[in-house]
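Visitor: Mind folding the following:
(chains A, B and C)
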Amino acid sequence: MKLSKHENSPQLDVAVMWFRQDLRVSDNVALMEASKVGVVLPIYILDESTEDKWALGGASRWWLHESLTALNKKLEGKLWFARGEALDVLKNVIEQSGAKHVFWNRCYEPLAMSRDARIKTALKNDGICAKSYNGSLLFEPHISVKEDGTPYKVFTPFFRKGCLSRFPEPERPCGIPSKIVYYNQKGITLSRLGLKPKVKWYDSLAKAWNPGEDGARQRLEEFLKNGIVNYKTGRNIPSGKNVSRLSPHLHFGEISPHRVWHEVSSSSERIPNKDSDHFLSELGWREFSYNLLYHNQDLPEKNLQPKFDRFPWVKEDSALKAWQEGRTGYPVVDAGMKALWHTGYIHNRVRMIVASFLVKNLMIDWRLGQRWFWDTLVDADLANNSASWQWVAGSGADAAPFFRIFNPVTQGEKFDPDGVYVKKFLPELSCIPKKYIHSPWLAPKEVLVEANVCLGKNYPEPIVSLKESREKALSAFNELSN
DNA sequence: TTTTGAGTTGTTCGA
DNA sequence: GTCGAACAACTCAAA
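Guide: Here you go, the predicted model:
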């Protein structure tokens, strides 16, 4: 059945609002513009192209399902769902509704950018007004380049000179449309998208997170209240409260970086500068990752520094599996990997530790770690994930010097001195005294017996020697420069 | 074009 | 236990 616009709302034009990674109602530029046109037809399209190597991972699919549920509620249940090729779906919807406008907020992944460009051209050729906006980055990737026109490769000048000195104030959040008139007919239901896993493995995720716009706002408020003061040092403590945990909300666009930026900088009378500046620079790193991906479209697959193409990665499935399952015998690594599996998230400091361990102690290709993160992280983000793995591996931009190899014992003792984090995710170690919590293999036999730990039985022996594997990695890296 | 200073997050060793 | 130096050399950004 074809519904003409007159049966819906006689005197108003229909504007399709195409939601993508901007699953929010407030500070949504495209939605704001759509609401000014007339009747809004909001739609989410699950476009799973077979050529996309980076189709949504498992944890992301769960999150997306929950986030869309929340968004649909905000939109008074008027959100359309569809699956298939975005252009086909849009054309279909336009024909059904008589819409003359399509609005969306831009995505910056390579595949999405080329697809969107194609779609915009096609729609315009059909006489449709197709417009896109920036809703997800503080500084769009094409605006921040060096004076010679080439992209930045070092964070500090990128952020200070390329971004802040030229655009000291990111766009202010645009607020919420005063009124939205919805197109009055529905598409298929959300459950038909098949995002929610059939096997119910996601209970522990649901306990840890509250996807959706309201959840994102609560997270920010909570962080501003209890987390931002002392952020600069406290952010390194994985069991502490100085962590924003906004990453999945930002990834799905449940909150705009603009709002986060301005709320943090406008509370500056209460927050020490060192803390707010440091937090804002973390938002800057997100921008930097997007900038890198924009200018290096094969960042997810290819070493940014070509000399790493010669690196002798070890192909060892059993070691990779032990890492994935948190059975390396190094408590802080294992706790991190269990946290990832159970909550879809790892604290930043622990990410660096587990990543360094995989790449340097096990000498396993960073792309295998990146792939595992892609499937298990609720904040899996192509730009951030790729740029960060390359950074740890040493193959990326502004990367750590190769001799910077994390020692999981030292790191654990420094940042989880009482073993609170380790014990939370490795209950089998909960009775180990803190002196040995990061190195249980050094504990005297009677201590282990007392703590109910039997190495090799209920907690593994270390799978590699730190000293030897470190030296091996160092010499492999040394070979590269010759 | 050349030069100069600087670059997110560490570890180990020896005094 | 604490502290500073060594760990290499390179690439980047900007004057």
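Visitor: Is A:Val40 in a helix, a strand, or coil?
Guide: Classification of A:Val40 using DSSP: H, G, I helix; E, B strand; the rest coil returns strand.
Visitor: what's across from it in the sheet?
Guide: Applying DSSP bridges to A:Val40 gives these bridge partners: A:Ala15, A:Tyr182.
Visitor: what about it, neighbour count?
Guide: Neighbourhood size, A:Val40 [other Cβ atoms under 10 Å]: 25. Every C-beta, even on glycine, is put in place using the N, C-alpha and C of the backbone.
Visitor: Is it in contact with A:Val102, as I believe?
Guide: No - in this structure A:Val40 lies outside contact range of A:Val102 using Cβ atoms under 8 Å: 11.3 Å.
Visitor: Now do the shared contacts for the two.
Guide: A:Ala15 (Cβ atoms under 8 Å, 6 or more residues apart in numbering).
Visitor: check contacts around the residue of the stretch 201-350 of chain A found nearest DNA strand B.
Guide: Nearest to DNA strand B, among the residues of the stretch 201-350 of chain A, is A:Trp285, at 4.0 Å (Cβ to the nearest atom of the strand). The contact partners of A:Trp285, by Cβ under 8 Å, 6+ apart, come to A:Phe155, A:Asn384.
Visitor: ok, and for the strand or helix carrying it, which residues are buried?
Guide: For A:Trp285, the host element (DSSP states H and E) is helix A:273-295. Buried residues in helix A:273-295, counted by 16 or more other Cβ atoms under 10 Å: A:275-277, A:279-281, A:283-295.
Visitor: check which helix or strand covers the residue nearest to A:Glu213 when sequence neighbours are not counted.
Guide: For A:Glu213, ignoring the flanking residues on the chain, the nearest one in space by Cβ to Cβ, 6 or more residues apart in numbering is A:Arg24 at 4.5 Å. Using DSSP H and E, A:Arg24 sits in no helix or strand.
Visitor: doesn't A:His258 make contact with A:Arg24?
Guide: No - using Cβ under 8 Å, A:Arg24 makes no contact with A:His258, being 11.4 Å away.
Visitor: For the stretch 201-350 of chain A, what lies in contact range of DNA strand B?
Guide: A:Asn236, A:Glu282, A:Trp285, A:Asn348, A:Arg349 (Cβ under 7 Å from any atom of the strand).
Visitor: Enumerate the residues of the stretch 51-200 of chain A near DNA strand C.
Guide: Contacts of the stretch 51-200 of chain A with DNA strand C, taken as Cβ under 7 Å from any atom of the strand, map to A:Lys146, A:Glu147, A:Thr150, A:Tyr152, A:Lys153, A:Val154, A:Pro157, A:Phe158, A:Lys161, A:Gly162.
Visitor: ok, the nearest residue in space to the last one that is not next to it in sequence - contacts?
Guide: Spelled out, that is A:Gly162. Distances taken as Cβ to Cβ, 6+ apart place A:Ser144 nearest to A:Gly162, at 3.8 Å, with adjacent residues excluded. For A:Ser144, the contacting residues are A:Tyr152, A:Phe158, A:Gly162, A:Cys163, A:Arg166, A:Glu287, A:Asn291, by Cβ under 8 Å, 6+ apart.
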